[in-house]
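[1] need a 3D model of the sequence below.
(chains A, B, C and D)
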Protein chains: 2
Amino acid sequence: MTNYAEHSPILVAIDCIIFGFDGNDIKLLLIKRGFAPAKNKWSLMGGFLLPNETLDEAANRILKQLTGLEGVYLEQLNAFSAVNRDPEERTISVAYFALIDIHKYEKQISDQYHAEWFLLSQKPKLIFDHDEMVALAQKQLRYKAALHPILFELLPDKFTIPQLQNLYEGVYDTVFDNRNFTRKLLSTGLFVKQAAKDKSTSKKGAFYYKLDKRKYKVKQAAFLNFVPKADKFL
Amino acid sequence: MTNYAEHSPILVAIDCIIFGFDGNDIKLLLIKRGFAPAKNKWSLMGGFLLPNETLDEAANRILKQLTGLEGVYLEQLNAFSAVNRDPEERTISVAYFALIDIHKYEKQISDQYHAEWFLLSQKPKLIFDHDEMVALAQKQLRYKAALHPILFELLPDKFTIPQLQNLYEGVYDTVFDNRNFTRKLLSTGLFVKQAAKDKSTSKKGAFYYKLDKRKYKVKQAAFLNFVPKADKFL
DNA sequence: CCAAAAGTGTTTATACTACACCCATGA
DNA sequence: TCATGGGTGTAGTATAAACACTTTTGG
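    Here you go, the predicted model:
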């Protein structure tokens, strides 16, 4: 450790791994890069850190730029720093992952960036180390969701329990016993049953639930163990 | 997101939160800064990212510089980026936390940096945002250690169960029931009992154990739940 | 022989898992 | 009426928590 003189400047970028859920599947929002290097290749949405903003601010700015959304779930994932990860200049990138309600984003904005939602299983090859970022984000999503109630960030205000189960099954790529799943979920006391039903997926209809926001905030930090044998999936 | 031209360069630093365990208490290794700004103030050990190394490499380099140790437990914690966190120049810092066997580090090296081990409860005020880094590292240590077997990184090859319990009690600042603790620990099958005893802390002596390195690697990813009601401590 | 730390078992309560049938409804 | 998805209960097992006494041995 020496003084500050003569340290080669290094560019600092942010990349966002944006997850959405369409009611059936987990999806990833990708853009077609409009500039060199790697023009027209699929990529995560990203940008550079500006002189007077923090990384969190930059990530929020970049997310809003693409989706029009503010105040969504955003979490710093990891800084990626392989020496030649960006062929143009030495750049490190701090990856953030975001969970958004896919129905809320503004399509016309994301059209500017030629953005598309991809199933994780049908994700194209991405530029630089973005595949690695996505893989880590997926791992972190599984890890975190096994312990903490975060997947609700992907759902609209009102959602049904079968929807929620779909979501969990998508994240862990497996099936859960619906009786055990429901019981565990409701036993947290996080959910408020609504009078109305969602009849879009069955004749009988499934009751809507809302999150109890108060309790939700309190239990963010608690270990809830929604996922049976969670360590098998990590 | 634009092209690469004219992005203000930002310095990239690394800071290491170094934890050790002396058999009784968790300690933190701090240095007295030998250069401006904040000369002679207590600080984490840090340095700048060099053009041809990754962040992980830089963290390892910095750690070795201070302790002489290589191959120790080191984990990227978070990137800190408040705009004025460093008064000299715009610098973001990627914090790493390290777990080392306090008996293995080379004192003469750390003497060069005027390094000292501090009890967490007696930590002096640190420069910049280093207090925040330490707080986050402590939180992450509790979080991780509640779920994964990592605290062994702080112990020598051979250790006793009472030592281990001391360590856990130090991390969570509480006391555990020794019967339940021992049973849970041994039920993992991670430990190999040695013939010899450590007689330094009692007349009866406590048996040494070693980690089963094979099983240890396998179970790194498993949830082990060593800490009763772990969510109370997070 | 006694102080000080190490080591050990049992009981109870809670949480998890496996498992299968009835319900409501629109077509 | 029937096909489709939604909703519910129980019994067995495993895990966790609470709890106190005996063992060893150096001084």
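[2] mind checking which helix or strand residue A:216 is in?
    Counting by DSSP states H and E, the element that carries residue A:216 is helix A:213-219.
[3] cool, and residue A:204?
    Under DSSP H and E, no helix or strand contains residue A:204.
[4] mind checking how far it is from residue A:160?
    11 Å (CB to CB, to the nearest Å). Placement of C-beta: from N, CA and C, glycine included.
[5] settle it for me: which of these two has more neighbours?
    Using other CB atoms under 10 Å in any protein chain shown as the criterion, residue A:204 and residue A:160 rank with residue A:160 on top: 21 against 7.
[6] the more buried one contacts residue A:198, doesn't it?
    Yes. Between residue A:160 and residue A:198 a contact is recorded at 4.9 Å, counting by CB atoms under 8 Å.
[7] which neighbours do those two share?
    Residues touching both residue A:160 and residue A:198 comprise A:206, A:207, A:208, with contact defined as CB atoms under 8 Å, 6 or more residues apart in numbering or on different chains.
[8] per-residue pLDDT of the first one, please?
    Yep, that's residue A:206 we're talking about. Per-residue confidence for residue A:206 comes out at a pLDDT of 96.
[9] domain map for chain A?
    What automatic domain parsing lists as the domains of chain A is A:11-147, A:152-233.
[10] quick check: closest non-adjacent residue to the residue of chain A at minimum distance from chain B.
    Proximity of chain A to chain B (CB to the nearest CB) peaks at residue A:9, 2.7 Å away. Distance criterion CB to CB, 6 or more residues apart in numbering or on different chains; nearest residue to residue A:9, sequence neighbours excluded, is residue B:9 at 2.7 Å.
[11] which ones are touching that neighbour?
    Residue B:9 sits next to A:9, A:10, A:11 when contact means CB under 8 Å, 6+ apart.
[12] next, the angle helix B:130-147 makes with the helix or strand hosting residue A:136.
    Assessed by DSSP H and E, residue A:136 sits inside helix A:130-147. Relative orientation of helix A:130-147 versus helix B:130-147 (axes from the mean of the first three to the mean of the last three CA atoms, to 10 degrees): 70 degrees.
[13] what is helix A:130-147 packed up against?
    strand A:11-21, strand A:73-80, strand A:91-99, helix A:161-172 (3 or more CB pairs under 8 Å, 6 or more residues apart in numbering or on different chains; DSSP states H and E).
[14] how about TSV for the ones you listed, with distance to DNA strand D added?
    Shown next, in TSV, are the helices and strands packed on helix A:130-147 (distance: least, CB to the nearest atom of the strand, whole Å):
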stretch	distance to DNA strand D
strand A:11-21	15
strand A:73-80	25
strand A:91-99	22
helix A:161-172	3
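[15] rewinding a little: who wins for neighbours among the shared contacts of residue A:160 and residue A:198?
    Highest neighbour count within the shared contacts of residue A:160 and residue A:198: residue A:208, with 19 neighbours (other CB under 10 Å).
[16] what sits up against stretch A:43-52?
    Applying CB under 8 Å, 6+ apart, the contact partners of stretch A:43-52 are A:11-18, A:29-33, A:55, A:58, A:61-63, A:65-66, A:93-95, A:113, A:115, A:126-128, A:130, A:133-134, B:1, B:7-8, B:10, B:81, B:83, B:90, B:92.
[17] next one: that stretch to chain centre, how far?
    Put simply, stretch A:43-52 sits 17 Å off its chain's centre (CA atoms, centre = their mean, to the nearest Å).
[18] ok, now stretch A:180-196?
    The chain centroid and the centroid of stretch A:180-196 are separated by 23 Å under CA atoms, centre = their mean.
[19] flag the shaky bits of chain A, pLDDT-wise.
    For chain A, the stretches flagged by pLDDT under 70 are A:1-8, A:222-234.
[20] rerun that using 90 as the cut-off
    Chain A contains residues with pLDDT under 90 at A:1-9, A:23-24, A:33-39, A:105-112, A:146-148, A:174, A:213, A:215-234.
[21] so which helix or strand takes in residue A:58?
    Going by DSSP H and E, residue A:58 is part of helix A:55-67.
[22] got the contact list for that helix?
    With CB under 8 Å, 6+ apart as the test, helix A:55-67 has contacts from A:12, A:14, A:16, A:18, A:29, A:31, A:45-50, A:53, A:69-70, A:72, A:74, A:76, A:94, A:96, A:98, A:100, A:105-106, A:109-110, A:113, A:115, B:1, B:79, B:81, B:92.
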